[in-house]
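**Q** Below: sequence and its predicted model.
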Amino acid sequence: MKQAPDFRNLLNKDNNIVQLIAMTILIFVVMTALSPDKFLRYYNFESITYTFPELGLLSIAMMIAMLTGGIDLSVIGIANLSGIFAGVMFKKFTTDAGVADTGFGIVLMGAVVALGTGLVAGALNGLLITRLKITPILATLGTGQVFTGLAIVMTGGPAIVGFPDAWAFIGNGKILGLATPFVLFVVLACLIAFMLRRTTFGINLMLIGTNPKAALFAGLKREKMVLLSYMLTGVMASIAGIILSGRTNAAKSDYGTSYLLQAVLIAVLGGTNPAGGRGTVLGVSIAVTALMLLSSGFQILRFSNHLIDFIWGLFLLLVIALNAYKNRSR
Amino acid sequence: MAWFQKSEVVIAGILLLAMILIGLVNPAFWSLDNMFSLLRSNVIIGIMALGVLLVMISGGIDVSFPAFAVAAMYLTIKGMLYFNYDGVFLPFVAAATIGALFGCLNAFFVYKFRMIPLIVTLGTGSMVRGFLLGVVGTSIININKMPDALIDFGKSDIISMIKPDGTTYGLTAMVAVYVVLAITLHFVLRYTMIGRGVYAMGGDPEAASRVGFNIRKITFFIYCVAGALAGFAGLLHSGMIWLANPRDFVGLELDVIAAVVLGGASIFGGRGSVLGTMLGVFMLVMVKNSLIIMKIDTTWQRVVVGVIIVIATAITAWRDRRANA
């Protein structure tokens, strides 16, 4: 991208957000017009606030990996493996001690196990990318297979069921009348947005993505930053895994496989540059809202899931074309 | 060029070592029967790997080809049933053409919008598969409905033998199809202008276009040929297993990419060879099949493939750094 004056840069950024909001409103209006009685029901929006946070978190995780010009294709594997490790731990405790498993402590331990899984998995990705210099695409493609494979080994195929009630609360409960996953998403999104905008870590990440060579000459510790960014991606993915397993009260090796494409799509749609250096939490959040509205609208119209996949793919290509067109006219 | 040949020698060496090891654990590995079935499992992955090799040499990556393969296969067989056509040659041309057309879509987006191939092919793959299952249909076409000529073609053997207990086994003629395609691609890559252009583009697209290579033409060539190979392989697969399943090939991209990387191709482009890829495919198929022979639980398969990808890419990255240093 060309070096633009400060105010113009700001304008462009806002432009992107304005366009996204316009798109969201357009989708909303079209869906309302197509099926007003079903789409506008309170229940529909409430169910969206339960289902979108997991995808939203995965998309933010994807965006963080893209900031340095990388990508993380193992996020789904990490999410599922985190849920499964937590589930396995709960199983162990309930059979050994025979205690009622509604305790807060045990859920906290489950969360630690799940988050730890994400942290370790992310660190593995980061080390492969920074130490062994494997391209992010191939490194995460490989580790994604390993994580999913381990999930299959742990479960033997079928889903792990029977999570404690407090765990289910994370995916199904309500805080002050709002869905817990939604509250969690908002808090985490604000946290990540702050981290990327206002801390040295975030600004360094952006710099590394914009111009790796300049960042190197400026004395930034590229390897350490990239490693940390993949660890953060892993943790975000594991939180998505916690919510997913809490909502469905089960963990399985092949849950949410279609989320991978969707997470990439949402990150790109939200204005993230896959070559690095550009991306905002706000953009990704609006993009995920827009696409969840679209998806729920199509489901109400009784489109098959396959057709929705088709539309997601078409959307991704259209966004690519549109972005290219926008960049050219600038 | 010395190191280049060396890397294939290394792969072949590792392959031989692995074969000896597996043979020691279970001598049944070396039986002619097992060898023939191993070669048979090479065919489909191998033909697809040739397409992926082409894309990877140019510095791209393709994850859409399994969707293209299944779409080309299913549409062709649906068409054959609709027109009541029973032949071999024309359907394969049709499947390859369908694949090539889908490939054009990839090339268009990659060239025109300069978008990262991974993201483009994720999109086109999801679109094509979604379209196939959502619009064309989800029902499996079974052996009783499959065109007979295709099944007969898939059944043909080069060598057939009779076991002591009276059952016959043989080396499928599809292996010959695979080898012919591989040799053709080898010659195209080595001795034609467009083949050298693919390497040049993988090395440095800007430099390639400055010396006069037509990047647009090369990009379309790469993705169309990759699509055509996928479509061809898709139809061949259905002929070999005697049914057409529109949900086939899910997740196959990982195996194929792993095989190509194992064969020494670099994702940064400019490196890779047909011989190396064929060895890589053989290695991957052998390891996957041998897990069963070595009595390792099949649930470990994914883990093993993943670990192979990571190790192979780490070695390739290390080699590339040394070559550049």
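**A** All right, it came through fine.

**Q** how many other residues sit next to the residue lying closest to residue A:104 once chain neighbours are set aside?
**A** Leaving aside its chain neighbours, residue A:104 sits nearest to residue A:166 (5.9 Å; criterion: CB to CB, 6 or more residues apart in numbering or on different chains). Backbone N, C-alpha and C define where each C-beta goes, glycine included. Neighbours of residue A:166 under the rule other CB atoms under 10 Å in any protein chain shown: 19.

**Q** Per-residue pLDDT of residue A:166, please?
**A** On pLDDT, residue A:166 comes in at 77.

**Q** can you check the one 4 residues further on too?
**A** The per-residue pLDDT reported for residue A:170 equals 80.

**Q** so it is in which element?
**A** helix A:165-172 (DSSP states H and E).

**Q** buried sites along that helix?
**A** A:166-172 (16 or more other CB atoms under 10 Å in any protein chain shown).

**Q** now swap in stretch A:202-210 and tell me
**A** A:202, A:204-210.

**Q** Could you dump those residues into TSV and include pLDDT?
**A** Conversion of those to TSV gives the following (pLDDT from 0 to 100):
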residue	pLDDT
A:202	84
A:204	83
A:205	83
A:206	83
A:207	83
A:208	83
A:209	80
A:210	81
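
**Q** In the chain, what residue spans correspond to strands?
**A** Went with chain A since none was named. A:160-161, A:174-175, A:178-179, A:250-251 (DSSP state E).

**Q** That was the other one, I meant chain B.
**A** B:157-162, B:168-172.

**Q** dump the residue contacts of the spatially most central residue of chain B.
**A** The residue lying closest to the centre of chain B (CA atoms, centre = their mean) is residue B:48, at 1.9 Å. Neighbour list for residue B:48: B:65-66, B:69, B:229-230, B:233, B:252, B:256 [criterion: CB atoms under 8 Å, 6 or more residues apart in numbering or on different chains].

**Q** rerun at 7 Å
**A** Counting by CB atoms under 7 Å, 6 or more residues apart in numbering or on different chains, residue B:48 touches B:65, B:69, B:229-230, B:233, B:256.

**Q** Around chain A, which positions in the stretch 151-300 of chain B sit nearby?
**A** B:254, B:257, B:261, B:267, B:299-300 (CB under 7 Å from any CB of the partner chain).

**Q** Farthest pair within the residues you listed?
**A** B:267 and B:299 (28.6 Å; CB to CB).

**Q** Comparing those two, which shows the higher neighbour count?
**A** residue B:267 (24 against 17).

**Q** if I look at the closest residue to the more buried one other than its chain neighbours, how far off is residue A:129?
**A** Spatially, and ignoring its direct neighbours in sequence, residue B:267 is nearest to residue A:135 (5.0 Å; CB to CB, 6+ apart). For residue A:135, the distance to residue A:129 (CB to CB, to the nearest Å) stands at 8 Å.

**Q** And those two? Which one has more around it.
**A** residue A:129 (26 against 20).

**Q** didn't that one look like it was pressed against residue A:226?
**A** Yes: contact criterion CB atoms under 7 Å: residue A:129 and residue A:226 qualify, at 6.3 Å.

**Q** For residue 247, grab the count of nearby residues.
**A** Defaulting to chain A. 19.

**Q** my bad, the chain I had in mind was chain B
**A** 13.

**Q** Next, give phi and psi for it.
**A** Dihedral pair for residue B:247: phi -100, psi 10, per degrees, to the nearest 10.

**Q** cool, and residue B:242?
**A** The phi/psi pair for residue B:242 (degrees, to the nearest 10) is phi 70, psi 20.

**Q** Contacts only, for the residue nearest to residue B:123 when sequence neighbours are not counted.
**A** Leaving aside its sequence neighbours, residue B:123 sits nearest to residue A:316 (CB to CB, 6+ apart; 3.7 Å). Contact analysis of residue A:316 by CB under 7 Å, 6+ apart lists A:265, A:268, B:123.

**Q** Could I have the ChimeraX command that selects the buried members from those?
**A** Listed next is the ChimeraX selection for buried residues among these, using 16+ other CB under 10 Å:
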select /A:265,268 /B:123
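
**Q** before we move on, the earlier item: find the one among the strands of chain B with the highest mean neighbour count.
**A** Comparing the strands of chain B by mean neighbour count (mean count of other CB atoms under 10 Å in any protein chain shown), strand B:168-172 ranks first with a mean of 16.

**Q** Isn't residue A:310 up against residue B:130?
**A** Yes: using CB under 7 Å, residue A:310 makes contact with residue B:130 at a distance of 3.0 Å.

**Q** Which pLDDT does the model give residue B:246?
**A** The model's pLDDT for residue B:246 equals 87.

**Q** Now for it, how many residues are close by?
**A** Neighbours of residue B:246 using other CB under 10 Å come to 22.

**Q** my guess is it meets residue B:132, correct?
**A** Yes: with contact defined as CB under 7 Å, residue B:246 reaches residue B:132; the gap is 5.6 Å.

**Q** Next, show the common contact partners of the two.
**A** B:70, B:74.

**Q** Now residue A:298: closest residue in space that isn't a chain neighbour?
**A** Closest to residue A:298 by CB to CB, 6+ apart is residue A:308, at 5.3 Å.

**Q** what do you get for residue B:55?
**A** residue B:62 (4.4 Å).

**Q** so who does the one you found touch?
**A** Applying CB under 7 Å, 6+ apart, the residues near residue B:62 are B:52, B:55, B:117, B:121, B:226.
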